[in-house]
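*Asks:* please find the sequence and the predicted model below.
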Amino acid sequence: MYGDHPPTFGSQHPWHDPLAPQDIFNPRPDGELALAGSLAPRPEDFPFTEEGRRDYYSAVKSVAQQMMHQQQMHHMQASYAVQARAEEDAARKRRVSFLLLMSCL
């Protein structure tokens, strides 16, 4: 979109190249970049300026945060399913025990 970005080879855009100098006030979000992976926005979609880099890093952090929220929701749903299954098993065991007790009378 913006023609002022330098040519990149692979994924080594200056904004996420580990050997590129970093801004101490706006450090590269390496963890978020790794978490977002292919869902991270493209740096070429932002102006090749300091403000564009800040906006890019903010967008990457936002995508990573959304992914973390989705993962948490999946974990919660899975734990609820396990809990519901355990409660069903316990209720089934109580019914079987009750039936066995009643058959002995």
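*Replies:* It's in. Numbers count the residues shown, from 1 in each chain.
*Asks:* quick one: low-confidence ranges for this structure?
*Replies:* Across the chain, the ranges flagged by pLDDT under 70 are 1-3, 9-11.
*Asks:* next, count neighbours for V60.
*Replies:* Summarising burial for V60: neighbours were counted as other CB atoms under 10 Å, giving 24. The way it works is simple: take the backbone N, C-alpha and C, and place the C-beta from them, glycine included.
*Asks:* residues contacting it?
*Replies:* V60 sits next to P29, E32, L33, A36, A40, P41 when contact means CB atoms under 8 Å, 6 or more residues apart in numbering.
*Asks:* what of Q71?
*Replies:* By CB under 8 Å, 6+ apart, Q71 lies in contact with nothing.
*Asks:* where's it, which helix or strand?
*Replies:* Using DSSP states H and E, Q71 sits in helix 50-104.
*Asks:* and for the residue sitting nearest the centre point of the chain, nearest residue in space, chain neighbours not counted?
*Replies:* Centroid check for the chain by CA atoms, centre = their mean gives M67 as the closest residue, at 2.6 Å. The shortest distance from M67 to any non-neighbouring residue, by CB to CB, 6 or more residues apart in numbering, is to L35 (6.0 Å).
*Asks:* since we're on that neighbour, how many residues are nearby?
*Replies:* By other CB under 10 Å, 18 other residues sit near L35.
*Asks:* that older thread, in CSV: the contacts of V60, plus secondary structure.
*Replies:* Output for the contacts of V60, formatted as CSV (DSSP: H, G, I helix; E, B strand; the rest coil):
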residue, secondary structure
P29, coil
E32, helix
L33, helix
A36, helix
A40, coil
P41, coil
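*Asks:* nearest to R85, of those?
*Replies:* Closest approach to R85 among the contacts of V60 (CB to CB): A36, at 33.0 Å.
*Asks:* pretty sure the closest one sits against M67.
*Replies:* Yes. At 6.5 Å, A36 counts as touching M67 under the criterion of CB atoms under 8 Å.
*Asks:* since that was my last question, I'll sign off now.
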